[in-house]
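1. Provided below for reference: sequence and predicted model.
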Amino acid sequence: MGDDRGLAELVAGAALGDQSAWDRLVDRFIPLVRHVVQSFRLAPQDADDACQSVWLRLVDHIGDIREPLALPGWISTTARNECLTLLRSTRRSTPIGDAIDSVAEFGVDYDPTEQLHREERTQALLEGLAELPRRHHELLVLLLTDPPVSYDEIAHRLGMAKGSIGPSRARALQRLRETRSMAALIDR
């Protein structure tokens, strides 16, 4: 729960204009913002605009955040809303041939329900990762990197003994399962 207090302190610091707190918030949540935006398959410049809009909205509303632990959900919802706004504004100008091509790329086996469930699982995972203490977050991200990062490199980057990576991984995964977003997904 120490990391919960850490997130609350970051939000409070950012609300008071602490640049270091802002930098740490952005570093911590930018993977979540990028994932949500990428799931909408926007044009690169639109994706950049959506990401930027999320951070601008957070600047505008950081003082309104009453529950700092809900910030990952707020960020993902805001990112989704920004993408939908962009899609609505560009939808009117998409030629019908381009729309057919983008649907056809999914192929015959495309199941929109399965795609939605996959996106929900991914979203819960990213929100859960954002709730973890920094050390657990960094370890799991390195373990999930593609192409894989060697244990030697992970030990070097995180300043930990190579033999402690496995047990630390197990603890980090258990904490991930206990996060709000992952617990909600598991309880379904």
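-> The structure has been received and is ready for your questions. Residues are numbered from 1 along each chain as shown.

2. Helices of this structure, residue ranges please.
-> Remark: helices assigned in the chain by DSSP state H are 2-15, 19-38, 44-61, 71-91, 96-104, 112-131, 134-144, 151-158, 165-178, 180-186.

3. And the contacts of the third one?
-> The set of residues that contact helix 44-61 without belonging to it, under CB atoms under 8 Å, 6 or more residues apart in numbering, is 25-26, 30, 33-34, 37-38, 40, 42, 75, 78-79, 82-83, 86, 90. To be clear about C-beta, it is placed using only N, CA and C from the backbone, and glycine gets the same treatment.

4. Repeat that for the second one.
-> The contact list for helix 19-38 (CB under 8 Å, 6+ apart) reads 9-14, 47, 50-51, 54-55, 58, 71-72, 75-76, 79-80, 82-83, 122-123, 126-127, 129-130, 134, 137, 141.

5. buried stuff in that helix?
-> By neighbour count on 16 or more other CB atoms under 10 Å, the buried set for helix 19-38 is Ala21, Trp22, Arg24, Leu25, Arg28, Phe29, Leu32, Val33, Arg34, His35, Val36, Val37.

6. Closest one of those residues to Arg175?
-> Arg28 (15.3 Å; CB to CB).

7. Report the separation between Trp55 and His61.
-> Computed as CB to CB, to the nearest Å, the Trp55 to His61 distance reads 11 Å.

8. How about the most centrally placed residue in the chain, nearest residue that isn't a chain neighbour?
-> Residue closest to the mean C-alpha point of the chain, counted by CA atoms, centre = their mean, is Leu32 at 1.4 Å. Of all residues not flanking Leu32 in the chain, Leu126 sits nearest, at 4.7 Å (CB to CB, 6 or more residues apart in numbering).

9. what about Arg171, neighbour count?
-> 13 (other CB atoms under 10 Å).

10. how much space between it and Glu178?
-> Arg171 is 11 Å from Glu178, by CB to CB.

11. what does Ser164 give?
-> 21 Å.

12. again with Val26
-> Distance, Val26 to Glu178, by CB to CB: 25 Å.

13. can you check Phe29 too?
-> Remark: distance between Phe29 and Glu178 (CB to CB) = 20 Å.

14. any low-confidence regions in this structure?
-> The chain contains residues with pLDDT under 70 at 1-4, 90-112, 188.

15. Correct me if wrong: Val149 contacts Leu142.
-> Yes. Val149 lies in contact with Leu142 (CB atoms under 8 Å); the separation is 5.1 Å.

16. Overlap in contacts, those two.
-> Common contact partners of Val149 and Leu142 (CB under 8 Å, 6+ apart): Arg157.

17. Have a look at these two and say which one is more surrounded.
-> Neighbour tally, Val149 and Leu142, criterion other CB under 10 Å: the higher count belongs to Leu142, 18 against 15.
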